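1. coordinates only, sequence not included:
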């Protein structure tokens, strides 16, 4: 009976080289096509390589903390861009592609990230939105209460999606939505954050920021958001700024004397926002924002009661 083979010290150099070899194999496989079953099952390759590197050992406290730090680094990547390829995440987080893959896979399984199958880009998942709801608590309850009926009326009249956004630093945060019932519609979930400089709602929020902060953002991105136009017109329209073929209309919501608190938007495919339909949709979006502003004034003045408007 043959005794089990046990590596001896003379093979240590070869084993070390095999670590690098398999690390490169993983990187190449992922670059070719992330998780594409037609090119082989990458999920079977990675555990094998992990075993060669000795990663099946019980993790120490230091290694566990490092894994947590790396996951947080990956989530931080989405502060700058809300949709990223795996390679972009690895570069931004300064991680090997194979390491980024394993951590991203875990975050996706736990719904902290989600992956679009067509573009293969990742974005923040629904679990982040759930945590955000807990974090904000009742901060936006009054605003959402004031906005719901006007948004339902706006969405119902045109059968387009209406959303409510607030500014969160250099981002717009969706805190309420009334979805269109059409098959072709734009999806942004409550709790999602997106760049201020892209899309109509972001530009409305940007236009009403303090001038120094606004200018810093515009100069950093080398952009001209046509602020004066938005301020004088009372609304913003965007064409394909976040997604090709998408049109957005947004108008500001105020509390008190010109204090911007939010923006309401309506969005949909460009085919339903042609010239003949656009003026009515702009007018109704602005009217919706004005209704919400009026209801906020009523609530803050102590006139809240049963609301049927």
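-> Perfect, I can see it now. Given the structure is predicted, the values throughout are model-derived calculations rather than measurements. Residues are numbered from 1 along each chain as shown.

2. parallel or antiparallel, which strands does the strand or helix carrying residue 174 pair with?
-> Per DSSP states H and E: residue 174 is located in strand 171-178. Note on strand 171-178: by DSSP bridges, its sheet partners are strand 161-168 (antiparallel), strand 193-195 (antiparallel).

3. you'd agree residue 160 is up against residue 266?
-> Yes: between residue 160 and residue 266 there is a contact at 5.1 Å, judged by Cβ atoms under 8 Å. C-beta coordinates here come from the backbone N, C-alpha and C atoms, glycine included.

4. what do the two both touch?
-> Counting by Cβ atoms under 8 Å, 6 or more residues apart in numbering, the shared contacts of residue 160 and residue 266 are residue 281.

5. most tightly surrounded among the strands paired with strand 171-178?
-> Among these, strand 161-168 has the highest mean neighbour count (mean count of other Cβ atoms under 10 Å), at a mean of 24.

6. contact partners of that one?
-> Residues from elsewhere that reach strand 161-168 (Cβ under 8 Å, 6+ apart): 140, 143-144, 147, 151-152, 154-155, 172-180, 185-188, 193, 196, 201-202, 205, 209, 250, 253, 261-268, 288.

7. among the residues you listed, which ones are in helices?
-> Members of the contacts of strand 161-168 lying in helices (criterion: DSSP state H): 143, 144, 147, 151, 152, 154, 155, 201, 202, 205, 288.

8. which residues touch the second one?
-> Translated: residue 144. 164, 175, 176 are the contacts of residue 144 under Cβ under 8 Å, 6+ apart.

9. can you tell me the closest non-neighbouring residue to the last one?
-> Read that as residue 176. Nearest non-adjacent residue to residue 176, counting by Cβ to Cβ, 6 or more residues apart in numbering: residue 164, 3.9 Å away.

10. tell me how far that neighbour lies from residue 205.
-> Separation of residue 164 from residue 205 (Cβ to Cβ, to the nearest Å): 11 Å.

11. shared neighbours of the two, anything?
-> 262, 263.

12. got the contact list for stretch 277-289?
-> Outside stretch 277-289, the residues that reach it (Cβ under 8 Å, 6+ apart) are 150-151, 153-154, 157-158, 160, 162, 234-235, 237, 247, 249-253, 263-266, 273.

13. now do the residue nearest to residue 176, the pLDDT please.
-> Looking at residue 164, its pLDDT reads 96.

14. the domain parsing of the protein - what is it?
-> Annotated domains of the chain cover 11-124, 137-300 [automatic domain parsing].

15. just send the ones you listed back as a markdown table, with distance to residue 131 too.
-> As requested, the domains of the chain are exported to a markdown table (distance: least, Cβ to Cβ, whole Å):
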| stretch | distance to residue 131 |
| --- | --- |
| domain 11-124 | 9 |
| domain 137-300 | 8 |
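
16. can you flag the weakest of these by average pLDDT?
-> What stands lowest among these, in mean pLDDT terms, is domain 11-124, with a mean of 69.

17. shouldn't residue 181 be in contact with residue 160?
-> No: the criterion here is Cβ under 8 Å, and residue 181 misses it with residue 160 at 10.0 Å.

18. and these two? Which one has more around it.
-> The neighbour comparison of residue 181 against residue 160 (other Cβ atoms under 10 Å) goes to residue 160, with 28 against 10.

19. tell me how far that one lies from residue 170.
-> Taken as Cβ to Cβ, the span from residue 160 to residue 170 is 27 Å.

20. now stretch 214-232: buried residues?
-> Buried residues in stretch 214-232, counted by 16 or more other Cβ atoms under 10 Å: 214, 217, 218, 225, 227, 230.

21. swap in stretch 114-125?
-> In stretch 114-125, counting by 16+ other Cβ under 10 Å, buried: 114, 115, 121, 122, 123, 124, 125.

22. so which of those are in strands?
-> Under the assignment DSSP state E, the buried residues of stretch 114-125 contribute 114, 115, 122, 123, 124 to strands.

23. let me have the residues you listed in CSV, adding distance to residue 93 as columns.
-> Formatted as CSV, these follow (distance: Cβ to Cβ, whole Å):
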residue, distance to residue 93
114, 18
115, 16
122, 12
123, 15
124, 15
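
24. check the residues you listed and tell me the two furthest apart.
-> By the measure Cβ to Cβ, 115 and 124 form the most distant pair in these, at 11.3 Å.
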